[in-house]
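> Quick check, what structure comes out for this input:
(one chain, ligands or ions: 2)
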Amino acid sequence: MVTVIRIDPASPDRAALQPAADRLRAGGLVAFPTETVYGLGANALEAAAVRRIFEAKGRPATDPLIVHIAQPDALPGLVVDIPDAARILAERFWPGPLTLVLRRSAAVPDEVTAGLATVAVRIPSHPIAHALLELAAIPVAAPSANLFSRPSPTRAKHVVDDLGDRIDVVVDGGSTTLGIESTVIDLTSEAPTILRPGAVTLEAIRRVLPSAVSRTSAAADDRRDGMPSPGLLDTHYSPRTPMTLYEGAGAVDAIVGDARLARNRGQRVGILAADEDRRKLGAAGGVEGGPPVKIVAVGPADEADTVAAHLYAALRELDAADVDLILARAFPARAGLGVAIQDRLRRAAGQRIAT
Ligand code: TXA
Ligand code: MG
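Numbering: from 1, shown residues only. Ligands and ions are numbered 1, 2, ... in the order given. So this is what the prediction gives:
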């Protein structure tokens, strides 16, 4: 059975964290909170420990991991060169939710990088992650601590639900703050290229690196050239229940209509909503005698931070409610964190999008 260690994120108790650091050093699997989502950590320099991550998650060995470090001085041991772009981004955004893809050194096992010539690295800003990495004093490979293809965990309970009988320790530091995985940027291509949007936005990156570009999962080119980043798979982060994403101005009205039709067929409907949708959605439950509708609201539609923080917990809650289908509304995605929210919702819907 997994050991759960409760730590106050406001002032992490190092003595209480020490056993978790010891487990990492001994080749164990330790889940811990970061500012984005919970990670499932193992010693990044020990191939056997890293293989256990893939086994526990049921993750294909072709999907590379992010290596987490406590200080920039650990970077030179993992990579063969540090381009200026990396120095600029590290200076501006580390510690924080930005992952840099760089040319890897021979010290990094193939298991971490899925045999690629590059390695993904970040310094998380969460006080517990930071203290744990310092105590362990090793680079820690850590994907999100969920079963492969399920929504990433934003609370310790999500980790225990998915992986409780497969890992050694969960450090419970409460809810993560951002709720969406880090921005991944490739610095080995001609122009710095965002492979996965996150809280560090393209706009913010362009302020220090004007040549940066973004490559989204929706671009058909990605699949034609093979797979630049396996995290760009279309169905990732998905609930088990079939989900449809409603985009465009009439999204909430369309959800009301489709929810009524589904209830008429006797189906149980789950709805991912914004706070202000509740009044309109009352009408979705208006069919006499049909099964109840489960509505989970994630915050005001125009507050991207709030929406991101609640998104994955909401998907898990809808999944656990035993509904037959999930109808989700889209959120403003013109810029900033909205782009990352749209990316995750489209993938959760397996690209089933109603407009
Ligand atoms: O916020 C986060 O990044 C969280 C926390 C725990 O740090 N971690 C996370 O890891 O989301 P994971 O494994 O769920 O996602 C890692 C992403 C995947 O899309 C993977 O394909 C990509 O990073 N990646 C890792 N190494 C790469 C590489 N060498 N080249 C391109 N993409 C890479
Ligand atoms: Mg993941």
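> Ligand 1 contacts on the stretch 1-150 of the chain?
Within the stretch 1-150 of the chain, the residues that sit near ligand 1 (C-beta under 6 Å from any ligand atom) are 34, 36-37, 39, 63-66, 97, 99, 101, 113, 116, 118-120, 124, 142-144. C-beta here means a position set from N, CA and C on the backbone, and glycine is covered the same way.
> Which of the residues you listed fall in strands?
39, 66, 99, 101, 118-120 (DSSP state E).
> of all those residues, which two lie farthest apart?
The span of those, defined through C-beta to C-beta, is set by 39 and 118 at 19.4 Å.
> Who has more neighbours out of the two?
More crowded of residue 39 and residue 118, by other C-beta atoms under 10 Å: residue 39, with 31 against 20.
> Grab the nearest non-local neighbour of that one.
Spatial nearest neighbour of residue 39, chain neighbours left out: residue 142 (3.3 Å); criterion: C-beta to C-beta, 6 or more residues apart in numbering.
> My guess is the one you found contacts residue 57. True?
No: contact criterion C-beta atoms under 8 Å: residue 142 and residue 57 do not qualify, at 10.9 Å.
> Can you pull the residues that touch both of those two?
Here residue 142 and residue 57 have residue 40 as joint contacts, going by C-beta atoms under 8 Å, 6 or more residues apart in numbering.
> quick one: which of these two has more around it?
residue 142 (28 against 23).
> so who does the more buried one touch?
Here residue 142 is in contact with 32, 34, 39-42, 53, 65-68 (C-beta under 8 Å, 6+ apart).
> And it, what's its pLDDT?
Model confidence at residue 142, given as pLDDT, is 98.
> so how far is residue 6 from it?
Computed as C-beta to C-beta, to the nearest Å, the residue 142 to residue 6 distance reads 20 Å.
> Over to residue 138?
Counting by C-beta to C-beta, the separation of residue 138 from residue 6 is 24 Å.
> which of these two has more neighbours?
Shown here are residue 138 and residue 6; by other C-beta under 10 Å, residue 138 has more neighbours (20 against 12).
> burial of the closest residue to that one other than its chain neighbours, as a residue count?
Counting by C-beta to C-beta, 6+ apart, the nearest residue to residue 138 once its immediate chain neighbours are dropped is residue 43, at 5.2 Å. Here the number of neighbours of residue 43 (other C-beta under 10 Å) works out to 23.
> partners of residue 43 in the sheet?
residue 140 (DSSP bridges).
> isn't it right up against residue 137?
No: in this structure, residue 43 is not within contact of residue 137 by C-beta under 8 Å, at 10.5 Å.
> Just give me the residues shared between the contact sets of the two.
residue 25.
> Spit out the contact partners of residue 211.
Residue 211 makes contacts with 191-192, as judged by C-beta under 8 Å, 6+ apart.
> Give me the secondary structure label for it.
coil (DSSP: H, G, I helix; E, B strand; the rest coil).
> List phi and psi for it.
phi -80, psi 0 (degrees, to the nearest 10).
> swap in residue 161?
phi -60, psi -40.
> go on, residue 128?
The phi/psi pair for residue 128 (degrees, to the nearest 10) is phi -70, psi -40.
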